[in-house]
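*Asks:* Can you look at this prediction? I've put the sequence above it.
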Amino acid sequence: MTLINRLFTGRHASLGGIALLALILIVVMPMALDLYRLNLAGRYLTYAFVALGLVLCWGYGGILSLGQGIFFGVGGYAMAMFLKLEASDPESTSIQTTPGIPDFMDWNRITELPWFWVPFESLTFTILAVLTLPAAFAFVIGYAMFKRRVSGVYFAIITQALAVVLTILIVGQQGYTGGINGITDLRTLKGWDIRDDSSQYLLYYLNAVLLIGCVLIGRWVLSSKYGRILTALRDREDRVRFSGYDVANFKIFIFCLAAFMSGIGGAMFTLQVGFMSPSFVGIVPSIEFVIFAAVGGRLSLLGGVYGALLVSYAKTLFAEAYPQLWQVMIGTVFILVVLILPYGLASVVDRYWPLLRSRLPLARRSSASSSSTTESRP
Amino acid sequence: MDGFTTQELMAILAMQGFAGVSFFSVLLLMALGLAIIYGQMRVINMAHGEFMVMGAYATYLCSITLGQFPGMTDYYLFLALPIAFASAFAMGYLVEWVLIRHLYHRPLDTLLATWGLALIMQQGFRSIFGAREVSVTVPGWLRGSYQPTMMIDIPLNGIAILVLTLFVTLGVWWLLFRSRWGLRVRCTTANREMSGAIGINTKRVDRMTFALGCGIAGIAGAAFTTISSTGPTSGSLYIVDTFLVVVFGGAGSLLGTIASAFSIAQAQSVMEFFMGGSMAKVLTLLTVIAILLMRPEGLVASKVRR
């Protein structure tokens, strides 16, 4: 298989596949869906950022994190804090005992803006925080764990415990965080109403573009030499270590990258939905993110995106009609995927797409490249 | 901590300590089952909390059924314990056969699959028993409390659960380290192929081990009913703590599991008095994680070579 061939049809999201995704997200969906559904789709796409990160660190790096909600939450809360400060200017909060601070602080008899809220009055700082804070958190967690060679199941359990810790903190310190309700009632971004129709469209497009950017980053990382080493250390960590690589650094990097993407997702979520709450931080959302990646295909960047879209859509569809059935269904789907289809829907596409394509009159030339799809499975 | 005299402080410590004992008992019973399953088989059972809830609901059914007969109400626990164990055991046996045995070589995937199972079981409980929490009438002989001094007041049900936990722990110890069955389990853990070669039915051992772990979770559920009410999602509240107990104690070590359950439960219970439940929990979890990072093998390292 030649290099060109691998670059264009390889297993990490072919360019054609990415173009198709871009077409669907940017052209088809806005045309086919009304604004309400488009906004919903945008919300699902923010989950896709997290699923992408999980494909990278879980599917390729072998690092299962059950705490991706942490990073989604950090990004989302950073954005929400900025928007909340803007929404609580002294004029619109003049009925409070202390005007100019967020309403929930006033309810909790806090009279001064806490120090860690102050920098979030600046949009520049907020954007920087969204881009760096989740990765910084991930760096601290990853450094502490991977340097100690904590991995596999232990890592999963500890990240899960950290997600619990963060949730309890947010819920418990409601004067500083808005508690169980989260940070609500977000209206404007620099005077620009984020809730009217045109801004909803704009935010959706921004979201879609960012997502495709993340897919491209992921693809670039995976097709580089680094991606090879990552796969190698997933399958035989000791051999990579004996070959002289510092395994921990590689793991820290991919974990940070996953956190970075999740953080962007969180911030976009806040912008599109207009609130952020601890129910997107804890165990349940964190595992749901893993479900997205698992159903879509843990070895496929595009699979992660489609998985997030499909599962969330199914959730909205069924949870509205049959709330009782939904939980049983998602549980069953999850079990079946793990048992029968460990590489998710993407593996089905990988298997049948070349067959289908060879029947089509169009591109007969490169159907041989399909053999590469099974190559890297552990 | 000012504002308390030394004597008051001692009384607070003693009482919170005993309040922690109930938590310790449930935590240890849960962790024992999980430690058996994880320590011996490397399977992560995320549905462990749901097996506990299953035992709790079995206890609830027993208390209702026996509540029909006057005079029997006080003794339903003696019927409930074996039934709670048996129902969770049977369910565990079934789950191993349907699900777990296909996943032994993929430990992270057992975690995901059992999470799916947990979702299904939760919904099952909700459909059968309703979303509202149910509680049993605690038997009269467990209701009082024991007062050694004026300020200290120890509820009897806490003592009863502690005694039950002691018996179960001893039973597990005996089963694992003194019985022929335990020998086979430990053999299989140490070297699966060799155990198979010398005539141990390793598949049967796996199934029994998993079912036994689930059965003990059922007993934990029975104990749980005497200190709290049961809802469909009660189990999921315990699962993170329980996992940390197992990992913190050092997987595969009974002594480590006991020590870590005790320290986690006590730390949380004593801190709870001074800083409220949520901060106590945060501090406890963070401390445990910090210690785990310094000592990833847990308190008592197992001697299994990996």
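*Replies:* Thanks, I have the structure now.
*Asks:* Nearest residue to whichever residue of the stretch 101-250 of chain A sits closest to chain B in space, please, no chain neighbours.
*Replies:* Closest approach between the stretch 101-250 of chain A and chain B, counting by Cβ to the nearest Cβ: residue A:172, at 3.3 Å. (Glycine included, C-beta is placed from N, CA and C.) Closest residue in space to residue A:172, ignoring its immediate chain neighbours: residue B:278 at 3.3 Å, by Cβ to Cβ, 6 or more residues apart in numbering or on different chains.
*Asks:* quick one, what contacts that neighbour?
*Replies:* Residue B:278 makes contacts with A:168, A:169, A:171, A:172, as judged by Cβ atoms under 8 Å, 6 or more residues apart in numbering or on different chains.
*Asks:* Mind telling me the two of the residues you listed farthest from one another?
*Replies:* Farthest pair in these (Cβ to Cβ) is A:169 and A:171. Separation: 7.5 Å.
*Asks:* any residues in contact with both of the two?
*Replies:* Contact with both residue A:169 and residue A:171 is made by residues A:177, B:278, according to Cβ under 8 Å, 6+ apart.
*Asks:* Can you pull the residues of chain A lying near chain B?
*Replies:* A:64, A:66, A:144-145, A:148-150, A:152-154, A:156-158, A:160-162, A:164-165, A:168-169, A:171-172, A:283, A:287, A:290-291, A:294, A:324, A:327-328, A:330-335, A:338-339, A:342 (Cβ under 8 Å from any Cβ of the partner chain).
*Asks:* Apply 6 Å and report the result again.
*Replies:* Chain A comes close to chain B at residues A:64, A:144, A:148, A:150, A:153, A:157-158, A:161, A:164-165, A:168-169, A:172, A:287, A:327-328, A:331, A:334-335, A:338-339, as judged by Cβ under 6 Å from any Cβ of the partner chain.
*Asks:* Now the buried members of the residues you listed.
*Replies:* A:64, A:144, A:150, A:153, A:157-158, A:161, A:164-165, A:168-169, A:172, A:287, A:327-328, A:331, A:334-335, A:338-339 (16 or more other Cβ atoms under 10 Å in any protein chain shown).
*Asks:* can you give me how far the host helix or strand of residue B:240 is from the chain middle?
*Replies:* Using DSSP states H and E, residue B:240 falls within helix B:234-249. Its chain's C-alpha centre and that of helix B:234-249 lie 8 Å apart, by Cα atoms, centre = their mean, to the nearest Å.
*Asks:* hmm, who's touching it?
*Replies:* A:157, A:161, A:164, B:27, B:30-31, B:34-35, B:38, B:49-50, B:52-53, B:256-257, B:260-261, B:264, B:288, B:298-299 (Cβ atoms under 6 Å, 6 or more residues apart in numbering or on different chains).
*Asks:* same deal with stretch A:115-125?
*Replies:* Applying Cβ under 6 Å, 6+ apart, the external contacts of stretch A:115-125 come out as A:81, A:82, A:85, A:126.
*Asks:* The last one and residue B:184, how far apart?
*Replies:* Residue A:126 is 60 Å from residue B:184, where distance means Cβ to Cβ, to the nearest Å.
*Asks:* Could you check which of those two is surrounded by more residues?
*Replies:* A direct count of neighbours by other Cβ atoms under 10 Å in any protein chain shown for residue A:126 and residue B:184 places residue A:126 higher, at 23 against 20.
*Asks:* from what I can see that one touches residue A:82, true?
*Replies:* Yes: applying Cβ atoms under 6 Å, one finds residue A:126 in contact with residue A:82, separated by 4.0 Å.
*Asks:* what's the following helix or strand after the host helix or strand of residue A:292?
*Replies:* Element membership for residue A:292, per DSSP H and E: helix A:283-296. Counting by DSSP H and E, the element after helix A:283-296 in chain order, helix or strand, is helix A:301-321.
*Asks:* Return the set of buried residues in that following helix.
*Replies:* Residues of helix A:301-321 classed as buried by neighbour count (16+ other Cβ under 10 Å): A:301-312, A:315-316, A:318.
*Asks:* contacting residues around residue B:72?
*Replies:* For residue B:72, the contact set (Cβ under 6 Å, 6+ apart) comprises residue B:66.
*Asks:* circling back to that earlier point, can you tell me which of the contacts of residue B:278 lies nearest to residue B:214?
*Replies:* Nearest to residue B:214 among the contacts of residue B:278, with distances taken as Cβ to Cβ, is residue A:168, at 27.9 Å.
*Asks:* Report the secondary structure state of the closest one.
*Replies:* Three-state assignment for residue A:168 (DSSP: H, G, I helix; E, B strand; the rest coil): helix.
*Asks:* about what we covered before: please list the outside residues in contact with the helix holding residue A:292.
*Replies:* For helix A:283-296, the surrounding residues in contact (Cβ under 6 Å, 6+ apart) are A:50-51, A:54-55, A:66-69, A:163, A:303-304, A:306-308, A:311, A:334, A:337, A:344-345, B:115.
*Asks:* Just give the number of residues close to the closest residue to residue A:192 other than its chain neighbours.
*Replies:* Closest residue to residue A:192 apart from its sequence neighbours, by Cβ to Cβ, 6+ apart: residue A:199 at 6.4 Å. Residue A:199 has 17 neighbours, counted by other Cβ under 10 Å.
*Asks:* Also residue A:239?
*Replies:* Residue A:239 has 11 neighbours, counted by other Cβ under 10 Å.
*Asks:* ok, for it, nearest residue in space, not its chain neighbours?
*Replies:* Using Cβ to Cβ, 6+ apart, the closest residue to residue A:239 is residue A:232 (7.3 Å).
*Asks:* I'd assumed residue A:241 was in contact with that neighbour.
*Replies:* No: contact criterion Cβ under 6 Å: residue A:232 and residue A:241 do not qualify, at 10.4 Å.
*Asks:* In this structure residue B:162 contacts residue B:21, no?
*Replies:* Yes: between residue B:162 and residue B:21 there is a contact under Cβ under 6 Å: 5.5 Å.
*Asks:* Compare these two and say which is more crowded by neighbours.
*Replies:* Using other Cβ under 10 Å as the criterion, residue B:162 and residue B:21 rank with residue B:21 on top: 20 against 17.
*Asks:* and that one, what element?
*Replies:* In this structure, residue B:21 is located in helix B:6-41 according to DSSP H and E.
*Asks:* close to chain A, is that helix?
*Replies:* No: contact of helix B:6-41 with chain A (Cβ under 6 Å from any Cβ) is absent, the minimum separation being 8.0 Å.
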